[in-house]
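Q: next one to model:
(2 chains)
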Amino acid sequence: MITDVDASLLKKIADLTGKPTGAFNIRKDSGCEARQSTEHIEITPKTDTPGIDIRIKAGTKNEACHIPVIISKTGLSEMVYNDFYVGDNCDVEIVAGCGIHNSGCSESRHDGVHTFYIGKNSRVHYSEKHYGEDAEGADGKNIMNPQTIVYLGENSTMQMDTVQIKGIDSTKRFTKFVCEKGAEAVLTERLLTHGQQSATSEVEIELNGADSKGRVVSRSGARDTSSQVFYPRMVGNDKCFGHTQCDSIIMDDAKIRSIPEIAANSTDAQLIHEAAIGKIAGDQLLKLETLGLTEEQAEDTILKGFLA
Amino acid sequence: MLELKNICYRVSTADGEQDILKNVSAVIDDHKLVVFTGPNGGGKTTLAKVIMGLVHPTSGQILWNGQDITGLGITERAKLGISYGFQQPPRFKGITVHDLLVLAAGQDKLSKDQCCQYLTKVGLCANDYLDREVDVSLSGGEVKRIEIATILARHSDLMIFDEPEAGIDLWSFARLTETFEQIHRQHQSTMIIISHQERIIQLADEIIVVAGGEIRHRGSTEEIFPLILADTLGSCPVLTKEEHNR
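A: Have a look, this model is predicted:
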């Protein structure tokens, strides 16, 4: 049964209100709350491990698949494996995401491995949002360790948008793309940490095929005493183009490390990385204060815009 | 009405203490267009920043509509109807032109038509700019015009512009001066414009020449403009010599 708390989580992580249309699988507290396949998108549970297989038929266009995960029990820990098989010539949207509402004092944890096998000439837009909150009086930790591994077939593209909104005490993210000839991987990452939270994000893009492209745009904000570490890695093994850009706003007593790596194993690989960490500029705050915002409102506005 | 009473601003430098503003006093009546002009480093921008609260004077008093605002912060002054267009506006990653206009207007929503009005007044097309981020992808002139549009969106009683012409092309500048003229004609706001441009100086009800941290001259355009020209020639030793030899 979907409670008000569940509905609120689903809205936050997957913009879902009411029953979704198209294919979906709603996982709640390690069980299946609801599932629906369509003519072109089949969702089946795995028999050997927790998780589901999503099979998208070749030629499927303009269809969406929602597979949100919600946890409302304190002390729950799960490891989930979801595999996506996307046929050739598809154009689909996949919305994942995980929300935890911790009702007690024990640690709640969701670890997930999403593996995508994408055929030729397909376009996939994949988005995931991660969010955590504690019930009033509860102080259980919320932990998420998502892994995403994507095998992109010839001339296929994936746009992956990943957002950690707030409330995740600890996260270790690992994202990997393997690009064949003409394939393009675009990753946008938005991460906000506060309190004593910690976040590590490791990204690896292997550009194996000729004319493959990789782009990482990572923006983060760290407040209070939180800490973040980024390891974006771009490997060019053929004629390819790769660009990573990591920008972070550091505030209060936070700590951020950014360790980008570009590795070329071909003379035709063109790889660029940019990384910047800095506090909010004083003139930005002053400008917004002249528009009538308080210093605190100005900081929030700048951070919100930066992470939008 | 804005009253500046005996404003002093002193800073410590490696060479000792330096007076940036020296006992500056002035009254600016409602709905007047006043131009602050004068040589670089004379104290114009500091004086304007003192009014907005961006710089706190060492001594002196600022009254806005009879209220002593000397101890108030920037935000409080903004809420009392004072706005300030920066000479070199900051850029914001992720904040769009539309976002900035909404923040400036102080409303939750601002229609495209309203945004379009503000942007047109500074020579920008809303269709091209509303969704663009105010980041390094915009040129200096574009950011400057967006800055001025945010001041127009505030509809504040006192608008301060620090060298609005800087970095703006001739066509946009002509549009901008029309906008200043219109605001002035319709008695919408009091305007203080820091400028060196003859076209803007000629719009003014009054010119205040700030030099050496003091108000050097003050009066109507007819009175002051010849003095500025004379000062300009007088301050250049080459031109002065040529004049002398004639």
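
Q: quick check: residues of chain B near chain A?
A: B:52, B:54, B:73-75, B:78-79, B:83-84, B:86, B:89-90, B:92-95, B:99, B:103-104, B:106, B:150, B:154 (C-beta under 8 Å from any C-beta of the partner chain). Where C-beta positions appear, they are placed from N, C-alpha and C, glycine not excepted.

Q: all helices of chain B, in order?
A: B:44-52, B:74-79, B:97-105, B:112-120, B:126-129, B:140-154, B:170-185, B:198-201, B:221-234, B:237-245 (DSSP state H).

Q: would you list those in TSV and tack on mean neighbour count?
A: As requested, the helices of chain B are exported to TSV (neighbours: other C-beta atoms under 10 Å in any protein chain shown):
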stretch	mean neighbour count
helix B:44-52	22
helix B:74-79	20
helix B:97-105	22
helix B:112-120	17
helix B:126-129	16
helix B:140-154	23
helix B:170-185	16
helix B:198-201	16
helix B:221-234	14
helix B:237-245	9
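
Q: going by mean pLDDT, which of those comes out lowest?
A: For the helices of chain B, mean pLDDT drops lowest on helix B:237-245, to a mean of 53.

Q: picking up where we left off before, closest to A:A185 out of the helices of chain B?
A: helix B:97-105 (29.2 Å; C-beta to C-beta).

Q: quick check: residues of chain A near chain B?
A: So chain A meets chain B at A:219, A:247, A:281, A:283-284, A:286-295, A:301-302, A:305-308 (C-beta under 8 Å from any C-beta).

Q: what's the PyMOL line that selects buried ones from the residues you listed?
A: Here is the PyMOL selection string for the buried members of the residues of chain A next to chain B, based on 16 or more other C-beta atoms under 10 Å in any protein chain shown:
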select buried, chain A and resi 219+247+284+286+287+288+289+290+291+292+293+294+301+302+305+306+307
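
Q: mark which of the residues of chain A next to chain B are part of strands, please.
A: A:219, A:247 (DSSP state E).

Q: so of the residues of chain A next to chain B, which ones are in helices?
A: Per DSSP H, the subset of the residues of chain A next to chain B in helices is A:283-284, A:286-290, A:295, A:301-302, A:305-306.

Q: and the furthest pair within these?
A: For those, and using C-beta to C-beta, no pair is farther apart than A:T290 and A:F306, which are 19.6 Å apart.

Q: who does the residue of the stretch 101-250 of chain A found nearest chain B bridge with?
A: Per C-beta to the nearest C-beta, A:D247 is where the stretch 101-250 of chain A lies closest to chain B, at 6.9 Å. Beta-bridge pairing for A:D247 (DSSP bridges): A:R219, A:A276.

Q: ok, now how distant is it from B:L21?
A: Separation of A:D247 from B:L21 (C-beta to C-beta, to the nearest Å): 38 Å.

Q: same deal with A:S170?
A: 53 Å.

Q: so between the two, which is more surrounded?
A: B:L21 (26 against 17; other C-beta atoms under 10 Å in any protein chain shown).

Q: for that one, give the beta-bridge partners.
A: Beta-bridge partners, per DSSP bridges, of B:L21: B:Y9.

Q: who's in contact with it?
A: Shown in contact with B:L21 (C-beta atoms under 8 Å, 6 or more residues apart in numbering or on different chains): B:7-9, B:43, B:46-47, B:50, B:57, B:213-214.

Q: so how far is B:E76 from it?
A: Taken as C-beta to C-beta, the span from B:L21 to B:E76 is 22 Å.

Q: again, but for A:R233
A: For A:R233 relative to B:E76 (C-beta to C-beta), the value is 49 Å.

Q: and the pLDDT at B:Q186?
A: The model's pLDDT for B:Q186 equals 88.

Q: repeat for A:H125
A: A:H125 is given a pLDDT of 98.

Q: shouldn't it be within a strand?
A: Yes - membership of A:H125 in a strand is supported by DSSP: H, G, I helix; E, B strand; the rest coil.

Q: is it in a bridge, and if so with what?
A: According to DSSP bridges, beta-bridge pairing links A:H125 with A:E93, A:Q159.

Q: before we move on, the earlier item: so which of the contacts of B:L21 is the most crowded?
A: Neighbour max across the contacts of B:L21 (other C-beta under 10 Å) = B:L47, 27 neighbours.

Q: who's in contact with it?
A: Per C-beta under 8 Å, 6+ apart, neighbours of B:L47: B:4, B:7, B:21, B:24, B:36, B:210.

Q: which two in the residues you listed are spaced the farthest apart?
A: Largest pairwise distance in the contacts of B:L47, by C-beta to C-beta, is 13.0 Å, between B:I7 and B:F36.

Q: before we move on, which element is the residue nearest to A:I54 when sequence neighbours are not counted in?
A: Once flanking residues are discounted, A:I54 sits nearest to A:F84: 4.7 Å by C-beta to C-beta, 6 or more residues apart in numbering or on different chains. A:F84 is part of strand A:77-86, with elements assigned from DSSP states H and E.

Q: avg pLDDT for that strand?
A: Mean predicted lDDT for strand A:77-86 stands at 95.

Q: go ahead and flag the most central residue of chain B.
A: Nearest to the geometric centre of chain B sits B:F161, at 2.0 Å (C-alpha atoms, centre = their mean).

Q: hmm, that one is touching B:I193, no?
A: Yes - applying C-beta atoms under 8 Å, one finds B:F161 in contact with B:I193, separated by 4.7 Å.

Q: tell me, how many residues neighbour A:S127?
A: 18.

Q: take the helices of chain B and write them to TSV, including distance to A:Y117.
A: Shown next, in TSV, are those (distance: least, C-beta to C-beta, whole Å):
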stretch	distance to A:Y117
helix B:44-52	59
helix B:74-79	54
helix B:97-105	39
helix B:112-120	44
helix B:126-129	41
helix B:140-154	45
helix B:170-185	53
helix B:198-201	65
helix B:221-234	74
helix B:237-245	77
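
Q: ok, which of those helices comes nearest A:V203?
A: Nearest of the helices of chain B (C-beta to C-beta): helix B:97-105, 28.3 Å.

Q: packing partners of that closest one?
A: helix B:112-120, helix B:140-154 (3 or more C-beta pairs under 8 Å, 6 or more residues apart in numbering or on different chains; DSSP states H and E).

Q: for those helices, give me TSV that also has distance to A:M79.
A: TSV is the format used below for the helices and strands packed on helix B:97-105 (distance: least, C-beta to C-beta, whole Å):
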stretch	distance to A:M79
helix B:112-120	48
helix B:140-154	49
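
Q: tell me which of those sits nearest to B:I69.
A: Here helix B:140-154 is closest among the helices and strands packed on helix B:97-105 (C-beta to C-beta), at 16.8 Å.

Q: distance between that closest one and the chain's centre?
A: 12 Å (C-alpha atoms, centre = their mean, to the nearest Å).

Q: give the contact list for A:D15.
A: Contacts of A:D15 (C-beta under 8 Å, 6+ apart): A:V95.

Q: pull up the gap between it and A:L9, please.
A: 12 Å.

Q: do the same with B:C116
A: Applying C-beta to C-beta to B:C116 and A:L9 gives a distance of 39 Å.

Q: for B:K109, same thing?
A: Counting by C-beta to C-beta, the gap from B:K109 to A:L9 is 28 Å.

Q: what about the two, which has more around it?
A: A:L9 (27 against 7).

Q: just confirm that one is within a helix.
A: Yes - judged by three-state DSSP, A:L9 forms part of a helix.

Q: shouldn't it be in contact with A:H110?
A: No - judged on C-beta under 8 Å, A:L9 makes no contact with A:H110 at a distance of 12.0 Å.

Q: list residues touching both of the two?
A: In contact with both A:L9 and A:H110: A:I100, using C-beta under 8 Å, 6+ apart.

Q: report pLDDT for the nearest residue to B:K144 once chain neighbours are set aside.
A: Among residues not flanking B:K144 along the chain, B:G167 sits closest, at 5.0 Å (C-beta to C-beta, 6+ apart). The model reports B:G167 with a pLDDT of 83.

Q: got the contact list for B:G167?
A: B:140-141, B:144.
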